[in-house]
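*Asks:* Take a look and give me a structure for this.
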Amino acid sequence: MRMNPIFSKINNCFLEAEKVLLLTHQNPDGDGCGSLLATMIYLRSLGKNAEAYVSQNPPSYLDFLPFFEELKDNARILERDWDLIVVLDNSDWEHAGLDPKIFKSATIINIDHHLSNPNYGDINLIDSRASSTGELIHRFFIDQKVKIDKSMAICLLNGILSDTNGLVNAATTSASVRIAGELMKNGANIHKTAGKVLHHKSIDGLRLWGEILSRLKVNHELNLAYTYVTEDEIKKSKADEEEIDGLTNFLNVISDVEWSMFLRINADHTRVSLRTKSENLDLSKLAAFFGGGGHQKAAGFTVPWKVVEENGQLKVV
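*Replies:* Prediction:
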């Protein structure tokens, strides 16, 4: 089988480097964490000094992932000299929360599946048709004849299940289903992984979901369903903020509208998540207009606005 030139180029960088730093986006999710850890495990198997950095702690429900404890915000690690920087599942540097200038002369490899990715690396592996970055890493491993051990399989399956919502959302393809099956053969347990990724709500978390859903509204002119949660509500609920994960995908089950929007309102900024099942909408374009990114059917952005509700309507103040 003929090897893919971009995969070979990336692997040559891996083989030549001695000190490798792996990064993903802020508020790291299952795909970011899973693809990062699988790549780190491979690099360490080559005898490389490979370390991970995340700017915020990942969700605790991912603690079943091998080497999960190494995913933490340790700013001192950024001060070291690195030969190679591998950025995974991150659409641009703003989403990583870092300035690439701090890496001096290090080569930057950018591996991602977001349509809005501007190819900011020295080497770029971008495929928006892939269900997840985990799927891209699996392709890389297969192309380069890398032995996928159980730990790597667990990490990659976690990434695929996270971004396909358990192999059911619009990102799911025949390739992602086939790869999930192959990873099971490599030792990953799909039932355990899906349980961790999809079913991690506490009583307090479910009560907060109920409150959020109770204020669900529809803008008939835009054919849009939307709701929100505030920073204070999350704190008062005693639920972990990570328990809100998944609500955006849940809103996509609504059949009466073309798209849905979920806002997380903080004191000085608002995070907006968008979903659609429609073939006629491209949410990545709307997100890009506000400096965000994503895919045609799933995208998001952050704006420096405080949003309040007045007379049943959301208003920027």
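*Asks:* residue contacts, residue 110?
*Replies:* Counting by C-beta atoms under 8 Å, 6 or more residues apart in numbering, residue 110 touches 87, 90, 117, 119, 120, 121, 123, 124, 125, 126. C-betas here are computed from N, CA, C, even on glycine.
*Asks:* Leaving out chain neighbours, which residue sits closest to it?
*Replies:* Excluding the flanking residues, the one nearest residue 110 by C-beta to C-beta, 6 or more residues apart in numbering is residue 121, at 2.9 Å.
*Asks:* returning to that earlier point: so which of the contacts of residue 110 is the most crowded?
*Replies:* Within those, most neighbours by other C-beta atoms under 10 Å means residue 87, with 28 neighbours.
*Asks:* I'd assumed that residue was in a strand, is it?
*Replies:* Yes - counting by DSSP: H, G, I helix; E, B strand; the rest coil, residue 87 is found in a strand.
*Asks:* Surely it touches residue 109?
*Replies:* Yes - applying C-beta atoms under 8 Å as the test, residue 87 and residue 109 come out as touching, 7.0 Å apart.
*Asks:* Do me a favour and get the end-to-end distance for stretch 106-126?
*Replies:* Start-to-end span of stretch 106-126 (C-alpha to C-alpha, to the nearest Å) is 20 Å.
*Asks:* Equivalent analysis for stretch 70-90, please.
*Replies:* 19 Å.
*Asks:* Flag every buried residue along that stretch.
*Replies:* Residues 70, 71, 82, 83, 84, 85, 86, 87, 88, 89, 90 are the ones in stretch 70-90 that count as buried (16 or more other C-beta atoms under 10 Å).
*Asks:* what separates it from the chain centre, distance-wise?
*Replies:* Mean-position distance between stretch 70-90 and its chain equals 17 Å (C-alpha atoms, centre = their mean, to the nearest Å).
*Asks:* Please apply the same query to stretch 298-317.
*Replies:* Chain-centre distance of stretch 298-317: 23 Å, with C-alpha atoms, centre = their mean.
*Asks:* With stretch 111-119 instead?
*Replies:* Centre-to-centre, stretch 111-119 and its host chain are 12 Å apart (C-alpha atoms, centre = their mean).
*Asks:* what does that stretch rub up against?
*Replies:* Residues outside stretch 111-119 that contact it (C-beta under 8 Å, 6+ apart): 10, 35, 39, 86-92, 110, 124-133, 135-137, 140, 163, 284, 287-288, 292-296, 299.
*Asks:* Pull out the buried members of the residues you listed.
*Replies:* Buried among these (16+ other C-beta under 10 Å): 10, 35, 39, 86-92, 110, 124-127, 130-133, 135-137, 140, 163, 284, 287-288, 292-296, 299.
*Asks:* That concludes my questions; thank you for your assistance.
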